[in-house]
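>>> only the shape, not the letters, is given here:
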């Protein structure tokens, strides 16, 4: 039998080197590779003459390599979800995007859009999993929520306060980005990338730029590598800090909520100091970065960074030393390591359940080749506390990284013209955004333009984790659990 | 309790004065576009070509920049620094869509609501935010107004949970097909008289998603009282716009 294609992270491979397995070989090989430890980082279909080509990209984290499996088929494909739940949403997405039947999929629901007689039907209008019984009831929330947050629909099956099951219907933010990337890069491409998830501008822009650079065989100047890392870690610090505050707010502990609300802004303002925009827009570009740091700016940033970190530490310490906070954090919204692995959770949510994956550790690029990122002694209890404390440890590590990097900027340019992209090639680009693993897969056509561009935001993996965290919990704990994940709606909906 | 008090002392007083001349933004901040029409030859139209969102048009030989479409990427300024410059001014909001079209250095800022509306909302405004298809950045910059730095509540403005408690809606995002119904229902649920604020390039013009069949935009029969440009607008831009609408800044 033909073996799957082994490839390296950010290695532009010829598209023809992707062996086409027969569907039967694919259905034998994929489960075998998944059982051998492969973790799906992307699974998608692209239209081809004579059918749809399915491409499954697996990561073997401990071996620091990837594998790609591919087959071409028509009309339908066999669902592997019953044995490998981590594929559940990927398969739903393939069914929706490629108009294929996913045979044997246990819960084949829309992911982002559905049409009835050619007209769009809002995502929440669908059949939900229902628990029946005289004493059960259903709670529907969204798409417009109580807070200033993105739209999504949540359907709880409850018995009193107890949640039996939560089903999440998304797609409200679907604005059709992926299909617009085909034929690019164009004028809007980098703007689409920066707004896949507005709070992960640097994460997604970096994944995109690295994909392009790999396809161009371009080398990013060392100074730009460091600048990118500074921006990525500032993004992580800002978001984690904001979330610690939000978690405090959800258990009515106002000191930390207030302090962190301000501190998140202070860190965003540091990004703005570097590139003019609080979210890091226009900073990361194919070939390097658009803005540089002067010695005076470095000094200013270091002062602000130290001041912000000192106050974040103070605000976070209040959480761990306040029993009323800890009573609400500990034991709430538990996701076991087994569940996290089965569902393929990523990022701090997975690490808080003991799944110690991190793209910066397993597939390091740039400065991460020589920096440790995983914290020792991190909690693995999978509850709100573990997710909150993991965030704090990551803030600390990001602070140390940025502190060091600010004073170790290598001299030299910040940009090198990347040149044209290779034709008929493909590349897998992974990046550890603050929510977890971002995966961009780019395929080029015979003119060296994007034939296909597949995006996977970490939220795509993790929404089901939130649903599982609620099982057998209290419905009143939903906001708290939700904030401990703080997933992206727009990153999922694209 | 003691440790909270100590922390409170350490963290200090952080609420900013607003409006205030002392507000300092990043020197690299891209605010109000300043266009020197006289410096433009008017023939090359390269600026219109390079703009990712089609925000620049050449009318009568002079560039016109639509702030409602602009994502403040600065590509035009990099191309033609003699004509385009993004200044430090964060006060961008306008009352009419047409006022966002910049043809020179004349800027029409947002106007106060009419007398009867000002009487009702001038000292107390409750808004329901409808996030309707964007990247979440506009929402983040609305949220931040509720922190102690901006302390939106001190101006009598508050974001509320229910449209029934609201005096109007603040729309962010391009309004996707999937959010059309929810936006309509939320708008209808707000008791009249009501106001509508469109915050961010997506809500105003569709932004970078303009023309996607997956998006619909704010329906024409929902009248907009305040346009706040930006991608996303700076929190100060939003705050300034809201306070001008209420006649708190003139």
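Now that the structure is in, tell me what you want to look at. Bear in mind the structure is a predicted one, so any value in this text is a computation, not a measurement.
>>> in chain A, which helix or strand is least confident?
Here the helix or strand of chain A ranked lowest by mean pLDDT, DSSP states H and E is strand A:114-116, holding a mean of 71.
>>> need the residues that contact whichever helix or strand comes after it.
Of the helices and strands lying after strand A:114-116 in sequence (DSSP states H and E), the nearest is strand A:119-121. For strand A:119-121, contacts defined as CB atoms under 8 Å, 6 or more residues apart in numbering or on different chains pick out A:113-115, B:177-178. Where C-beta positions appear, they are placed from N, C-alpha and C, glycine not excepted.
>>> and if you look at stretch A:175-187?
For stretch A:175-187, with CB under 8 Å, 6+ apart as the criterion, the contacting residues are A:188-189, A:192, A:196, A:212, A:286, A:449-455, A:490, A:493-494, B:50-52, B:133-134, B:174, B:176, B:209, B:212-215.
>>> mind checking how far residue A:194 is from chain B?
From residue A:194 across to chain B, the span is 8 Å (CB to the nearest CB, to the nearest Å).
>>> and that residue, what are its phi and psi?
Main-chain torsions, residue A:194, degrees, to the nearest 10: phi -70, psi -20.
>>> so who does the residue nearest to it when sequence neighbours are not counted touch?
Distance criterion CB to CB, 6 or more residues apart in numbering or on different chains; nearest residue to residue A:194, sequence neighbours excluded, is residue A:201 at 4.6 Å. Taking CB under 8 Å, 6+ apart, we find residue A:201 in contact with A:194-195, A:235, A:279-281, A:283, B:137.
>>> where's the closest residue to chain B within the stretch 351-494 of chain A, which helix or strand?
Using CB to the nearest CB, residue A:490 is the residue of the stretch 351-494 of chain A that sits closest to chain B, at 5.1 Å. Element membership for residue A:490 (DSSP H and E) is helix A:489-493.
>>> so what does that helix touch, helix or strand wise?
helix A:458-470 (3 or more CB pairs under 8 Å, 6 or more residues apart in numbering or on different chains; DSSP states H and E).
>>> contacts for the helix it packs on next, please.
Applying CB under 8 Å, 6+ apart, the external contacts of helix A:458-470 come out as A:86, A:88-89, A:156, A:163, A:165-168, A:170, A:197, A:333-335, A:339-340, A:343-347, A:349-350, A:433, A:435-438, A:477-478, A:481-482, A:484-485, A:487-489, A:491-492.
>>> now do the phi/psi pair for residue 56.
Since no chain was named, I'll use chain A. Dihedral angles (degrees, to the nearest 10) for residue A:56: phi -110, psi 120.
>>> correction: the question concerned chain B.
In terms of degrees, to the nearest 10, the main-chain angles of residue B:56 are phi -110, psi 130.
>>> pretty sure it sits against residue B:62.
No - with contact defined as CB atoms under 8 Å, residue B:56 does not count as touching residue B:62 (10.6 Å).
>>> neighbouring contacts of the helix holding residue A:490?
In contact with helix A:489-493 (CB under 8 Å, 6+ apart) are residues A:112, A:149-152, A:170-175, A:195-198, A:200, A:204, A:435, A:457-460, A:463, B:134-136.
>>> give me the neighbour count for residue 145.
Let's take chain A. 19 (other CB atoms under 10 Å in any protein chain shown).
>>> meant chain B, my bad for not saying
21.
>>> isn't there a helix covering it?
Yes - assessed with DSSP: H, G, I helix; E, B strand; the rest coil, residue B:145 lies in a helix.
>>> name the nearest residue to it, sequence neighbours excluded.
In space, residue B:145 is closest to residue B:152, 4.3 Å off (CB to CB, 6+ apart).
>>> quick one: the one you found from residue A:197, how far?
Distance, residue B:152 to residue A:197, by CB to CB, to the nearest Å: 25 Å.
>>> quick one: list the elements packing against the helix or strand where residue A:301 lies.
Taking DSSP H and E as the definition, one finds residue A:301 inside helix A:295-320. Packing partners of helix A:295-320 (3+ CB pairs under 8 Å, 6+ apart): helix A:222-250, helix A:254-275, helix A:323-329, helix A:384-406, helix B:2-11.
>>> any idea how far that helix is from the chain center?
26 Å (CA atoms, centre = their mean, to the nearest Å).
>>> among the helices and strands packed on helix A:295-320, which is nearest residue B:21?
Ranking those by proximity to residue B:21 (CB to CB) places helix A:254-275 first, at 18.6 Å.
>>> is chain B within reach of the helix or strand following that closest one?
Next helix or strand after helix A:254-275 toward the C-terminus (DSSP H and E): strand A:284-285. No - interface with chain B: strand A:284-285 contributes nothing (CB under 8 Å from any CB of the partner chain), its closest point being 10.8 Å away.
>>> pairing partners for strand A:284-285, with directions?
Its sheet considered, strand A:284-285 pairs with strand A:288-289 (antiparallel) by DSSP bridges.
>>> contacts for the partner strand, please.
Contact partners of strand A:288-289, identified using CB under 8 Å, 6+ apart, comprise A:220-221, A:223-224, A:227-228, A:231, A:283, A:413-416.
>>> quick one: mean pLDDT for that strand?
Mean pLDDT, strand A:288-289: 96.
>>> one more: stretch A:406-424?
95.
>>> would you mind listing the buried residues in it?
Residues A:406, A:409, A:414-416, A:418, A:421-422 are the ones in stretch A:406-424 that count as buried (16 or more other CB atoms under 10 Å in any protein chain shown).
>>> could I get these as a markdown table with secondary structure?
Putting the buried residues of stretch A:406-424 into a markdown table (three-state DSSP) gives the following:
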| residue | secondary structure |
| --- | --- |
| A:406 | helix |
| A:409 | coil |
| A:414 | coil |
| A:415 | strand |
| A:416 | coil |
| A:418 | coil |
| A:421 | coil |
| A:422 | coil |
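>>> got the domain ranges for the chain?
This is for chain A. Here the domain parsing of chain A from automatic domain parsing is A:5-111, A:200-455.
>>> correction: the question concerned chain B.
If you go by automatic domain parsing, chain B breaks into B:33-90, B:115-245.
>>> what are the ranges of the strands in chain B?
B:33-35, B:56-59, B:62-66, B:84-86, B:101-102, B:125-131, B:157-159, B:168-172, B:195-199, B:226-228 (DSSP state E).
>>> the shortest one: partners in the sheet, and parallel or antiparallel?
Think strand B:101-102. By DSSP bridges, strand B:101-102 pairs with strand B:62-66 (antiparallel).
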